[in-house]
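In: Compute the structure for the input listed below.
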Amino acid sequence: MTDIDTAALVEVLKGDVVTPGHLDYAEAISRWASNSERKAKAVAFVKNNEDVVSAIKFARANGLPIAVRGGGHHVGGASSIENGLVIDLSRYLDGVTVDPSKKLAYVGGGAVWATVDKEGIKHGLATVAGTVNHPSPWGGYGWLTAAHGLAIDNLVQATVVTADGSILVASNKDNEDLFFAIRGGGVNFGVVTEFVFQLYPQRPTIYAGTLIFAPPALEKLIQVTDIDEGMLQMTTVGPDGNPVIALFVFYNGTESEGRARFKPFFDIGPVADMTKERPYEELNALQNPMTGPGKAVYWKGVANKRPHHPSIAKAHEKITELNATAFRREMVNNVLINITWDHKIQDRTEEARKTAHEIADIITGHQSEMTNSEILGYSNYDPDSAAPMEKAAVVIDKAKLVFGENYPRLQAIKKRYDPDNVFNKWFPIMPA
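Out: You can find the predicted model right below:
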């Protein structure tokens, strides 16, 4: 990789520019999933909107592809770039400010959900975050989704720097087309330097934790999985190498109320009970011990219209052969196949991809009524978002499946705000 002269960028940037010769270069390109790291020519740690403008102009003037890093959590490398420029928001644009009177949170583009949770609950407020707390804000599902929808449903405003260097406020009143596009269109339209989220009154403590079951309980667990409470179901291998089933449960109330709501599961007989009433801000940290940074990760998402014991049992057998994990998002009918390994020892990406797709086929095999879009699964769980999908020897543009009937509208918005397709790292939308 040849170096690039970054003197012009260093001169105008209030933040930092890191290149391969710097001591902190390895840290600058590191990511949550080690296999998503790429060797960028330069990383621009921006301090404000003007720095983002300068970074975009520098990259375009020098023919450098661009990636944008918020929390660096995308397993497919959407926040990384080989031989290009990374615009990194995580060092300086990571603050969160809460306006309790308006019930709004002003969230920097490089902030993580943990900060949002902690700052909000200081005022007895919360919003829909993820189910882990170390990614940057994104638009998907969280523990409060049943009450308040997706995270994008609670985005009321965003500041976006577009490909031509414009600094725009997007909301229901300003640049409405751009506001529509970024709520689901991802990074296709610019760099979001600030999100403004709606907050809701939230009790300080909740009931949550992990229940561990032995594998023979699987069929009974599926039979009682018909409950209007938050729950993640995981089939995995425990520290001792033996297969287990783990349930992460959540009830937005007291421990006694929560235990009553989940009584059908307790009646089955967990072998371990780590649930309790705990501070709300700990909720999104429950999975942190098993989702820390540094591992190689491959994800595959699929849809699941209803619990089906034979297919789930078969998938469980496949998983225990691999020592991998599978997260089941029952309430929203999502399945996440999560395979991890030590990337420093061996690159097992192709093996992980092949196995993940095998497990996905097992899970969806009994659901002949599923559409191609449903088979694709939750878009944030796709590490190959820029690659086409093949089915029955037919190549399908994944972006068209992800965005469905909105795709033509998004193409028109893309043409207005990014006609040269500068931002193209996640389900790229072709301008038209």
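In: Can you check which helix is longest in the chain?
Out: Of all the segments of type helix in the chain, defined by DSSP state H, the longest one is helix 349-364.
In: List the buried residues in that helix.
Out: 349, 352, 355, 356, 359, 360, 362, 363, 364 (16 or more other Cβ atoms under 10 Å). From N, CA and C alone the C-beta is placed, and that goes for glycine too.
In: how far away is the first one from residue 258?
Out: Distance, residue 349 to residue 258, using Cβ to Cβ, to the nearest Å: 40 Å.
In: any idea how far residue 285 is from residue 292?
Out: Residue 292 is 11 Å from residue 285, by Cβ to Cβ.
In: who has more neighbours, these two?
Out: residue 285 (17 against 11; other Cβ atoms under 10 Å).
In: give me every residue that touches that one.
Out: Taking Cβ atoms under 8 Å, 6 or more residues apart in numbering, we find residue 285 in contact with 114, 132, 133.
In: again with residue 71
Out: 32, 79, 90, 110, 112, 134, 135, 136.
In: out of those residues, which are buried?
Out: 32, 79, 90, 110, 112, 134, 135, 136.
In: thinking again about what came up before, just the ones of the contacts of residue 71 in helices?
Out: Going by DSSP H, the helices hold none of these.
In: could those be laid out in TSV, adding pLDDT and distance to residue 233?
Out: TSV is the format used below for the contacts of residue 71 (pLDDT from 0 to 100; distance: Cβ to Cβ, whole Å):
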residue	pLDDT	distance to residue 233
32	85	23
79	92	29
90	96	32
110	96	32
112	94	25
134	86	22
135	83	21
136	82	26
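In: Need those in a markdown table (columns: distance to residue 226).
Out: Shown next, in a markdown table, are those (distance: Cβ to Cβ, whole Å):
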| residue | distance to residue 226 |
| --- | --- |
| 32 | 34 |
| 79 | 38 |
| 90 | 41 |
| 110 | 40 |
| 112 | 34 |
| 134 | 31 |
| 135 | 30 |
| 136 | 34 |
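In: Contact partners for residue 255?
Out: Residues counted as contacts of residue 255 (Cβ under 8 Å, 6+ apart) are 207, 275, 276, 277.
In: and if we set it to 10 Å?
Out: By Cβ atoms under 10 Å, 6 or more residues apart in numbering, the contact list for residue 255 reads 205, 206, 207, 208, 209, 275, 276, 277, 278.
In: Out of the residues you listed, which is nearest to residue 179?
Out: residue 206 (31.3 Å; Cβ to Cβ).
In: A strand includes that closest one, no?
Out: Yes: counting by DSSP: H, G, I helix; E, B strand; the rest coil, residue 206 falls inside a strand.
In: which one of the contacts of residue 285 is nearest residue 220?
Out: Closest to residue 220 out of these is residue 132 (27.8 Å), distances taken as Cβ to Cβ.
In: sorry, back to before: between residue 292 and residue 285, what contacts are shared?
Out: 132, 134.
In: Tell me how many other residues crowd residue 49.
Out: For residue 49, using other Cβ under 10 Å, the count is 19.
In: Identify the residue spatially nearest to it, adjacent ones excluded.
Out: residue 167 (4.8 Å; Cβ to Cβ, 6 or more residues apart in numbering).
In: ok, now which ones touch that neighbour?
Out: Here residue 167 is in contact with 48, 49, 50, 52, 53, 159, 160, 161, 190, 191, 193 (Cβ under 10 Å, 6+ apart).
In: Phi and psi next, for it.
Out: phi -110, psi 110 (degrees, to the nearest 10).
In: ok, and the most crowded of the contacts of residue 285?
Out: Most crowded among the contacts of residue 285, counting by other Cβ under 10 Å, is residue 133 at 22 neighbours.
In: I'd say that residue and residue 280 touch.
Out: No: using Cβ atoms under 10 Å, residue 133 makes no contact with residue 280, being 11.5 Å away.
In: Give the intersection of the neighbour lists for those two.
Out: What both residue 133 and residue 280 touch, as defined by Cβ under 10 Å, 6+ apart, is the set 117, 118.
In: ok, what's across the strand from residue 42?
Out: Assessed by DSSP bridges, residue 42 has beta-bridge partners residue 85.
In: Among the contacts of residue 167, name the buried ones.
Out: 49, 52, 53, 159, 160, 161, 190, 191, 193.
In: Just give me the closest of the residues you listed to residue 399.
Out: Distances from residue 399 to these, taken by Cβ to Cβ, are shortest for residue 190, at 16.9 Å.
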